[in-house]
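Novice: give the three-dimensional model of this entry:
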Amino acid sequence: MSKPKQSKNNKSYDDLTSSIKSGEIGNFYIFHGEERYLLDHCLKSLRFSLCPDGLNGFNYKYYNGKDLSFEEFGDAVNTFPAFAERTMIEIHDFDLFKNDDKKLFCEVFSDLPDYVCLVFVYSFIEYKPDGREKLTREILSCANVVDFNAQEQDKLVKWIKRHFSDAGKYIGTTDAEYLAEITGGFMTTLYGEIGKIAAYSTHETITRNDITAVVSPVLDTLVYNLTDAVISRENSRALRLLDELFQMREAPHKIIYSVSLKLRQLLAARICLENKLGKNLLMDTCGIRHEFQANSLLKTANKSTLSECRSAVLLCSEAAFELNSTAEPESGIIDLVLKLTQKIKH
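Specialist: Numbering: from 1, shown residues only. The predicted structure is shown next:
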């Protein structure tokens, strides 16, 4: 399947924030992406800038996409602002690209009034335009599309440090990276954890002990650690980590999917090491967001051989298939971890 054609009007988060600060706000945006903290921050900034009378005033309109009709949308667009220059129309989870009235919407987008700021937000439905369709291309050509990606590691570490500083605390770079790693690197999660750590710590400098005392690693981090324990043939550590995964009450199918994904990424890391392809290619190939995740994979891959990584992927695939027909899926996952640790030879 071909990748969706990118809009010529694609904007970065930095471009958007600059536009908001300068007051040069466009009239049609599409917001999507994993980093919800930044998306919500930009929505709040737009509302503050465009709606001086607040969210209960005449110039702010919010719609749930599943209840929105084209007629209601047209009325909102054609209503002049009251006692202000602009009106903001915010529409959540309306799939522009799978709608029966797509052509009618496209006609409106091509001739939006200057006073309108229209924002479509993809939260719970997937943003997946098909660039092969003419109407899709026309819609994208009208929109400023902003993909709220996870932040680069350097920016994320600076953001963590700044928020600890706002709380009257200091955290070093290494510990900030560690905090980002065990939380998955998303700001929404990090923001809450920073508040908990700052409240827990009794001294000015945040330590690793402060972090581990308060923060529980996310599923992704535990699976990274489990993969490393398997490759290192640390049976007891691997089983302890597996027990932590079970205690998270995650579904067995989700656990084995995550383990399979990490082992496939580990195989890719081993191939990159053997062919000296570099970390950036690994991140692009596997869709890895942060350098610390790639570094962990490469460090673990360096402990194994290519054949061992391939065998691990095959074992995991067999276990995933068998999981569909077993009455005790947790036992199947335990057996898989034991087989994996036995398969790796040093």
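Novice: ok, now how distant is S201 from A167?
Specialist: 9 Å (CB to CB, to the nearest Å). In short, each C-beta sits where N, CA and C put it, glycine included.
Novice: again, but for S331
Specialist: 45 Å.
Novice: can you get me a residue count around R310?
Specialist: R310 sits with 14 neighbouring residues when counted by other CB atoms under 10 Å.
Novice: residue contacts, the residue of the chain positioned farthest from its centre?
Specialist: In the chain, counting by CA atoms, centre = their mean, F83 sits farthest out from the average C-alpha position, at 38.6 Å. By CB atoms under 8 Å, 6 or more residues apart in numbering, the residues touching F83 are D53, F58, N59.
Novice: follow-up on the earlier one: neighbour count: S331 and A167, which is higher?
Specialist: A167 (16 against 11).
Novice: I'd say that one and G195 touch.
Specialist: Yes. Using CB atoms under 8 Å, A167 makes contact with G195 at a distance of 7.2 Å.
Novice: if we can go back for a sec, save the contacts of F83 as CSV, and put in pLDDT and neighbour count too.
Specialist: Below are the contacts of F83 laid out as CSV (pLDDT from 0 to 100; neighbours: other CB atoms under 10 Å):
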residue, pLDDT, neighbour count
D53, 76, 13
F58, 86, 14
N59, 90, 24
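Novice: and which of those is nearest I25?
Specialist: N59 (13.3 Å; CB to CB).
Novice: the closest one reaches P81, doesn't it?
Specialist: Yes. Using CB under 8 Å, N59 makes contact with P81 at a distance of 4.8 Å.
Novice: now the residue nearest to P329 when sequence neighbours are not counted: how far from V146?
Specialist: Spatial nearest neighbour of P329, chain neighbours left out: P252 (3.6 Å); criterion: CB to CB, 6 or more residues apart in numbering. Per CB to CB, P252 is found 37 Å from V146.
Novice: more neighbours: which of these two?
Specialist: Shown here are P252 and V146; by other CB under 10 Å, V146 has more neighbours (22 against 17).
Novice: so that one: helix, strand or coil?
Specialist: strand (DSSP: H, G, I helix; E, B strand; the rest coil).
Novice: quick check: domain ranges of this protein?
Specialist: Per the record, the chain has its domains at 13-147, 156-214, 219-343, by automatic domain parsing.
Novice: could you tell me the least trusted of those?
Specialist: Here the lowest mean pLDDT among the domains of the chain goes to domain 219-343, at a mean of 89.
Novice: quick one, strands of the chain?
Specialist: 28-32, 60-64, 87-92, 116-121, 144-147 (DSSP state E).
Novice: switch the ones you listed over to CSV; also include distance to L315.
Specialist: CSV is the format used below for those (distance: least, CB to CB, whole Å):
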stretch, distance to L315
strand 28-32, 36
strand 60-64, 45
strand 87-92, 43
strand 116-121, 42
strand 144-147, 36
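Novice: out of those, which comes closest to E291?
Specialist: Closest among those, using CB to CB: strand 144-147, at 19.4 Å.
Novice: the residue farthest from the centre of the chain and E250, how far apart?
Specialist: 52 Å.
Novice: separation between L298 and V77?
Specialist: 51 Å.
Novice: spatially nearest residue to I139, not counting backbone neighbours?
Specialist: Per CB to CB, 6+ apart, closest to I139 is C106, 5.4 Å.
Novice: which ones are touching that neighbour?
Specialist: L135, E138, I139, C142.
Novice: measure the second one to F70 for me?
Specialist: Okay, so that is E138. Distance from E138 to F70, by CB to CB: 16 Å.
Novice: swap in the last one?
Specialist: Per CB to CB, C142 is found 16 Å from F70.
Novice: what of the third one?
Specialist: Using CB to CB, I139 is found at 14 Å from F70.
Novice: the longest helix along the chain - contacts with which helices or strands?
Specialist: Once the chain is assigned using DSSP state H, the helix that runs over the most residues is helix 252-275. Counting contacts by 3 or more CB pairs under 8 Å, 6 or more residues apart in numbering; DSSP states H and E, helix 252-275 packs against helix 219-231, helix 279-286, helix 291-301, helix 306-323, helix 329-343.
Novice: having no further points to raise, I will conclude here.
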